[in-house]
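Enquirer: mind looking at a prediction? Sequence and model below.
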Amino acid sequence: MESKINANNNPLRTKIKRKRVSKKSKRSWRKHIDIKEIEDYLDEVRRQERTGGVISQKKNGELFYMDRDHSGTEIGEKEETKQYRKGVKLRKSKQKLKKDGKDVDSSEDDEATAILPQKILKKKEAKLEIYDLWGDSGVLSKSKSFEDEHYMKVTQKKPAKQPRTVYKVRSTMPALSVCHPGASYNPTFNDHQALLFAACQVELFKEKEIKKLQRQLQFPSEEEMTKLPSWEEEMQQGLFGDESNAECSDDNDDKECGVMLPCFSGKERKTIKERQKAKERKKEELYFKIQRDEKAKENEVFRVKSIKKELKKSKEKMQERLKKKEEKILKSSSKPKRLGRQKFEEMNIEIQLMDELKGSLRNLKPEGNLFEDRFKSFQRRNIIEPRRPIMPHRKYKLKEYEKRSYKNFDIQEKSKEQRKRR
């Protein structure tokens, strides 16, 4: 019995009973789960990051180091190894100097030893480049790494990458165009009449376009409808030829129609003599043609003056074409281009009739819209494509359905009527 009691009292052998608790909800899960070990581990990692970095991610060179003297030699290293290393360095320096064609003496040994550390220092300096993070003019080293780029983004603002067409002149039109002199608050009679005439021409052109559309879409009159062919006549067009041909098609005999089929007679074949003569003629023609071309080339020497005149004329024509092309480009640069589906439409000319004119700015009646004017100027200068106003609309139609409450209302009304009747 005692052995059993001792065994049960031993704290190492005691088993902790598992709590049978529901972990259905998040609240009960957090309550009955022990996450102390995970929190301790995360705290330890955060502490290492604050004090120099996580140890598991560091290299051996960063964790361990060798004890060295002021001279830079390791403690416990033998003097023989030092002498051996110095000797190797001296031999290498002498070999380099001999290759260059210089005689090495004992007095130059000390100089050779002094050259080596300087070269090593220069190499180190070349690798390390100082960079001022908060300076105005600073360039990263050629060997850019991911860390350097990230450092640049955090510490300094990188300039945005501009497109190639930023400074491209899209139009020669001025941003603010001067209005017509007839649109002023106190214009002259001639200027005002000229502006009215321009506005009248625009309205006439619009009316002409509307009438053209009406004519095209107009339904034909009764007289025109009677003249139109019937459905059967339209469907028969092209099926039969003329009446004479239709009559002939009914008859099977070709003689009655008077149509005779053409007889194809085979061409007579040439004899061997005729073929030989044709070959000789071709050879003679080629020979005479070559001679004519050679004579023409020889006679071109005497046509030097006429050739020069022809070259001058061709140059003048080329210059005229280039001038016309430049003029055309200049004209097109001052006009709006076709950037989208819609064409550019000018604003309506803002006019005031003779009765509406006032002699002072105080009594002037303002017209037009500044926002529309600026928007149209962007379109005129090819900065924005011409657009049409998009009115608010539904993408999908509204669905209609009856609610239960509506049905219950009908049932209640019917029940009320039945009660009244009783």
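Expert: Structure's in. What do you need?

Enquirer: can you pull out the low-pLDDT segments for the stretch 51-200 of the chain?
Expert: 65-153, 156-158 (pLDDT under 70).

Enquirer: which residue ranges of this structure form strands?
Expert: Assigned by DSSP state E, the chain shows no strands.

Enquirer: which residues in the stretch 151-300 of the chain form helices?
Expert: For the stretch 151-300 of the chain, the helices defined by DSSP state H, counting those that start in this stretch occupy 189-217, 222-227, 231-236, 243-250, 254-257, 272-299.

Enquirer: could I get those as TSV with mean neighbour count and distance to E385?
Expert: Using the backbone N, CA and C atoms, a C-beta is placed for each residue, glycine as well. Output for those, formatted as TSV (neighbours: other Cβ atoms under 10 Å; distance: least, Cβ to Cβ, whole Å):
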stretch	mean neighbour count	distance to E385
helix 189-217	12	23
helix 222-227	8	43
helix 231-236	9	45
helix 243-250	11	58
helix 254-257	11	66
helix 272-299	10	58
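
Enquirer: tell me which of those lies nearest to F375.
Expert: helix 189-217 (19.6 Å; Cβ to Cβ).

Enquirer: mind putting the helices of the stretch 151-300 of the chain into JSON lines with distance to F344?
Expert: Below are these laid out as JSON lines (distance: least, Cβ to Cβ, whole Å):
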{"stretch": "helix 189-217", "distance to F344": "15"}
{"stretch": "helix 222-227", "distance to F344": "39"}
{"stretch": "helix 231-236", "distance to F344": "43"}
{"stretch": "helix 243-250", "distance to F344": "56"}
{"stretch": "helix 254-257", "distance to F344": "64"}
{"stretch": "helix 272-299", "distance to F344": "57"}
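
Enquirer: give the contact list for E300.
Expert: I307 (Cβ atoms under 8 Å, 6 or more residues apart in numbering).

Enquirer: kindly recompute the last result at 10 Å.
Expert: S306, I307 (Cβ atoms under 10 Å, 6 or more residues apart in numbering).

Enquirer: with I55 instead?
Expert: E44, V45, Q48, E62, L63.

Enquirer: the fourth one against S56, yeah?
Expert: No - with contact taken as Cβ atoms under 10 Å, E62 and S56 are classed as non-touching, separated by 11.9 Å.

Enquirer: ok, those two, which is more surrounded?
Expert: E62 (11 against 7; other Cβ atoms under 10 Å).

Enquirer: and that one, how far from K324?
Expert: 75 Å (Cβ to Cβ, to the nearest Å).

Enquirer: how about K395?
Expert: K395 is 51 Å from K324, by Cβ to Cβ.

Enquirer: of those two, which one has the most company?
Expert: Neighbours were counted for K395 and for K324 using other Cβ under 10 Å; K324 has more, 10 against 4.

Enquirer: give me the pLDDT for that one.
Expert: The model reports K324 with a pLDDT of 93.

Enquirer: same check on R215?
Expert: In this model, R215 carries a pLDDT of 89.

Enquirer: ditto for the one 10 residues further on
Expert: The per-residue pLDDT reported for M225 equals 85.

Enquirer: list the contacts of it.
Expert: F219 are the contacts of M225 under Cβ under 10 Å, 6+ apart.

Enquirer: so how far is S230 from L239?
Expert: On the measure of Cβ to Cβ, L239 and S230 end up 15 Å apart.

Enquirer: oops, could you answer that again for F240 instead?
Expert: 16 Å.

Enquirer: and P220, its phi and psi?
Expert: For P220, the backbone dihedrals (degrees, to the nearest 10) come out as phi -60, psi 150.

Enquirer: contacting residues for it?
Expert: Taking Cβ under 10 Å, 6+ apart as the test, what P220 contacts is T226, K227, L228.

Enquirer: S333: how many residues sit nearby?
Expert: Counted with other Cβ under 10 Å, S333 comes out at 14.

Enquirer: check contacts around the residue lying closest to it once chain neighbours are set aside.
Expert: Once flanking residues are discounted, S333 sits nearest to T172: 4.6 Å by Cβ to Cβ, 6 or more residues apart in numbering. Counting by Cβ under 10 Å, 6+ apart, T172 makes contact with L330, K331, S332, S333, S334, K335, R381.

Enquirer: same question, G182
Expert: 188-199, 349, 351-352.

Enquirer: ok, and the most crowded of the contacts of I55?
Expert: In the contacts of I55, the most neighbours by other Cβ under 10 Å go to Q48, 15 neighbours.

Enquirer: quick one: L322 and S334, what's the gap?
Expert: Distance from L322 to S334, by Cβ to Cβ: 19 Å.

Enquirer: and K58, by the same measure?
Expert: For K58 relative to S334 (Cβ to Cβ), the value is 68 Å.

Enquirer: again with Q162
Expert: Q162 is 26 Å from S334, by Cβ to Cβ.

Enquirer: same check, this time on V21
Expert: For V21, the distance to S334 - Cβ to Cβ - is 83 Å.

Enquirer: shaky segments in the stretch 201-350 of the chain?
Expert: In the stretch 201-350 of the chain, residues with pLDDT under 70: 241-267.

Enquirer: again, 90 this time
Expert: Counting by pLDDT under 90, the stretch 201-350 of the chain shows low-confidence ranges at 215-270, 295-307, 328-335, 337-341, 345-350.

Enquirer: export stretch 216-235 to PDB, keeping only CA atoms.
Expert: C-alpha atoms of stretch 216-235 as PDB (Å, rounded to 0.1, in the frame of the first residue of the first chain):
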ATOM      1  CA  GLN A 216     -32.900  60.900 -96.300                       C
ATOM      2  CA  LEU A 217     -35.300  59.600 -93.700                       C
ATOM      3  CA  GLN A 218     -38.500  60.900 -95.200                       C
ATOM      4  CA  PHE A 219     -41.200  58.200 -96.000                       C
ATOM      5  CA  PRO A 220     -42.100  58.100 -99.800                       C
ATOM      6  CA  SER A 221     -45.400  59.700-100.900                       C
ATOM      7  CA  GLU A 222     -48.400  57.800-102.500                       C
ATOM      8  CA  GLU A 223     -47.300  58.700-106.000                       C
ATOM      9  CA  GLU A 224     -43.800  57.400-105.400                       C
ATOM     10  CA  MET A 225     -45.100  54.300-103.800                       C
ATOM     11  CA  THR A 226     -47.200  53.500-106.900                       C
ATOM     12  CA  LYS A 227     -44.100  53.900-109.100                       C
ATOM     13  CA  LEU A 228     -42.100  51.500-107.000                       C
ATOM     14  CA  PRO A 229     -41.800  47.900-108.200                       C
ATOM     15  CA  SER A 230     -43.800  45.100-106.500                       C
ATOM     16  CA  TRP A 231     -42.400  42.500-104.300                       C
ATOM     17  CA  GLU A 232     -42.600  39.800-107.000                       C
ATOM     18  CA  GLU A 233     -40.800  42.000-109.600                       C
ATOM     19  CA  GLU A 234     -38.000  42.800-107.100                       C
ATOM     20  CA  MET A 235     -37.500  39.200-106.300                       C
END
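
Enquirer: no further queries at this time; thank you.
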